[in-house]
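Asker: got a sequence here, can you model it:
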Amino acid sequence: MTMFGDLPEDQASGRVAEIYGEIRTYGAVPYVSSLQRQLATVPGCLEWLWEAVRPAFIDGSVPEAAWGAVRGLDLPALAPVQRPALRAMGVDEAGEAVLQGIYETFLRASPVNMVTASLMGHLLAEDAADEGAESAAAPSWQPPAPPPPLPGFPSDAELGAEGRALLNLFTVDMGGSTFVPGLYRLLAHWPGYLAHVAVEIHPLFQRPDILATCHDIVARIDAVVPPLSRGLTASPKPFDAATIAALWASLGVYRGTTSPQMIVFSTLLRDALPGG
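Answerer: Presented below is the predicted three-dimensional model:
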């Protein structure tokens, strides 16, 4: 969804900043992902979406359904990364803990974002609901504690030419614009480790069993969305038909490609770490 820009968390204010805080709380994550940050750049869009889906977050139904949908995936195993090898890649003890937190964060955020994108698609297509959203009740669910805070993304200057070239190996086509998923941008703090990741997972992007698992994830998410969408209502859409069409196209790529990959590869890379 890069065509819509990106509103970083430290630049959010007013209602958007409040929504960012609730996304972190009820998604049980330490950050707001690109899906919501980019929706926030479309005037009124994130506010419109969150007003509609918030009830299904504060009672835990969206997060619990999303996390449950992707348990027990049939995945291959990567070769374990022994701790001396990890240290040689530039990952010290503290960095190892940060990596664990990064993977756990994406394993929480990605399924929830897939459900959110599906619910948004439902609301975009639903005209009968344009009578106004009902007020959400008080929170009735206690989310788990989030993983530790994530490091910021390295700047272009910090990456250097070699680091930028390495990150380009993970570029995703988002309907004519390009996008490097945040997972790999975070791993770029450890260039040696990211190079290892590229060697390990780049061949898997088009491997039939990995593609089948990504399709399975989409099917699992599809199965849990209908009960969640019942009863959700939205106020009138605050954007025009051209924006709706662009949102549809971007949501499809986000939901059907990048998020399933984040779930698959975060699982594989987490499990390959020492103690994984």
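
Asker: the helix or strand of the chain with the lowest mean pLDDT: what's the following helix or strand?
Answerer: Lowest by mean pLDDT, DSSP states H and E among the helices and strands of the chain is strand 172-174, with a mean of 73. Scanning forward in sequence from strand 172-174 by DSSP states H and E, the next helix or strand is strand 177-179.

Asker: tell me the buried residues in whichever strand or helix holds Ala94?
Answerer: Ala94 is part of helix 93-125, with elements assigned from DSSP H and E. Of all the residues in helix 93-125, those buried under the rule 16 or more other C-beta atoms under 10 Å are 95-96, 98-124. Where you see a C-beta, it was placed from the backbone N, CA and C, and this is true even at glycine.

Asker: next one: stretch 192-200
Answerer: Neighbour counts over stretch 192-200 (16+ other C-beta under 10 Å) mark Tyr193, Leu194, Ala195, His196, Val197, Ala198, Glu200 as buried.

Asker: out of the residues you listed, which sit inside helices?
Answerer: Using DSSP state H, the members of those that fall in helices are Tyr193, Leu194, Ala195, His196, Val197, Ala198, Glu200.

Asker: what about stretch 229-243, average pLDDT?
Answerer: In this model, stretch 229-243 has a mean pLDDT of 90.

Asker: quick one, what contacts the residue nearest to Ile23 when sequence neighbours are not counted?
Answerer: Closest residue in space to Ile23, ignoring its immediate chain neighbours: Val32 at 5.3 Å, by C-beta to C-beta, 6 or more residues apart in numbering. Applying C-beta atoms under 8 Å, 6 or more residues apart in numbering, we find Val32 in contact with Glu9, Tyr20, Ile23, Arg24.
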